[in-house]
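Undergrad: model the following, please.
(2 chains)
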Amino acid sequence: DAGITQSPRYKITETGRQVTLMCHQTWSHSYMFWYRQDLGHGLRLIYYSAAADITDKGEVPDGYVVSRSKTENFPLTLESATRSQTSVYFCASSETDRGSDEQYFGPGTRLTVT
Amino acid sequence: QQPVQSPQAVILREGEDAVINCSSSKALYSVHWYRQKHGEAPVFLMILLKGGEQKGHEKISASFNEKKQQSSLYLTASQLSYSGTYFCGTEEVGSSGDKLTFGTGTRLAVRP
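TA: Alright, predicted model coming up:
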């Protein structure tokens, strides 16, 4: 399917477990982003990537790890999940390296940590 | 630091107008506007760039006051489909990459 996809769409995990959320885009966009969305906080940037093998921290990176070995994939790993990481996670991509192009968002992954 | 959006929520009747404001304490390169319906992903509406360039939606307009670091989104003759939460995302002058900092959102409900 063309566009940006995320998997799984829903995930329940236990505290302390490792979880990986997948993000895949078919446009060959250079930039990719991971956000978390919580009530009262809007969208907060976790990590972003300017290209394959180039990643950088966003506003709330603690407890998360990313990699980008291929342009089209940008997985997000929670190394040891905590209840505070219960959230909706959105992946996004954009074409250019300035704020002059829209970000395309994936459908989101709802993660619950028990 | 997140930009501040106002109002936090607004209820309209179909056909009424609304203005949503976004204010930052930082010098801005661009302001993005997105709309999110319940349970869905945010969808792009508009980008306003330093210098006056705009890209976006035909039926929605916005302004960007670079000196005041403020942007406003104008929703005129509102339709039921305008309901949702509106987010502004700001890109700061001198920031690396295409990073946006989003406000906490404005919930808009349009009633028949």
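Undergrad: and stretch B:22-42, does that touch chain A?
TA: Yes. Judged by C-beta under 8 Å from any C-beta of the partner chain, stretch B:22-42 comes into contact with chain A through B:29, B:30, B:32, B:34, B:40, B:41, B:42. Where you see a C-beta, it was placed from the backbone N, CA and C, and this is true even at glycine.
Undergrad: those strands in chain B, which residues are they?
TA: B:4-6, B:9-13, B:18-23, B:28-36, B:43-49, B:54-56, B:61-65, B:70-75, B:84-92, B:101-102, B:106-111 (DSSP state E).
Undergrad: nearest to residue A:85, out of those?
TA: Proximity to residue A:85 (C-beta to C-beta) singles out strand B:101-102 among those, at 18.7 Å.
Undergrad: rewinding a little: pick out the shakiest of the strands of chain B, pLDDT-wise.
TA: Lowest mean pLDDT within those: strand B:54-56, a mean of 72.
Undergrad: now for that strand, which elements pack on it?
TA: Packing partners of strand B:54-56 (3 or more C-beta pairs under 8 Å, 6 or more residues apart in numbering or on different chains; DSSP states H and E): strand B:43-49.
Undergrad: so which other helices or strands are in contact with the strand it packs on?
TA: Where contact means 3+ C-beta pairs under 8 Å, 6+ apart, strand B:43-49 is packed against strand B:28-36, strand B:54-56, strand B:61-65, strand B:70-75.
Undergrad: so who does the most centrally placed residue in chain A touch?
TA: Residue closest to the average C-alpha location in chain A (C-alpha atoms, centre = their mean): residue A:34, at 2.8 Å. Residues near residue A:34 by C-beta atoms under 8 Å, 6 or more residues apart in numbering or on different chains: A:21, A:23, A:45-48, A:58, A:64, A:66, A:74, A:76, A:89-92.
Undergrad: and with 7 Å instead?
TA: Residue A:34 makes contact with A:46, A:47, A:66, A:76, A:89, A:91 under the criterion C-beta atoms under 7 Å, 6 or more residues apart in numbering or on different chains.
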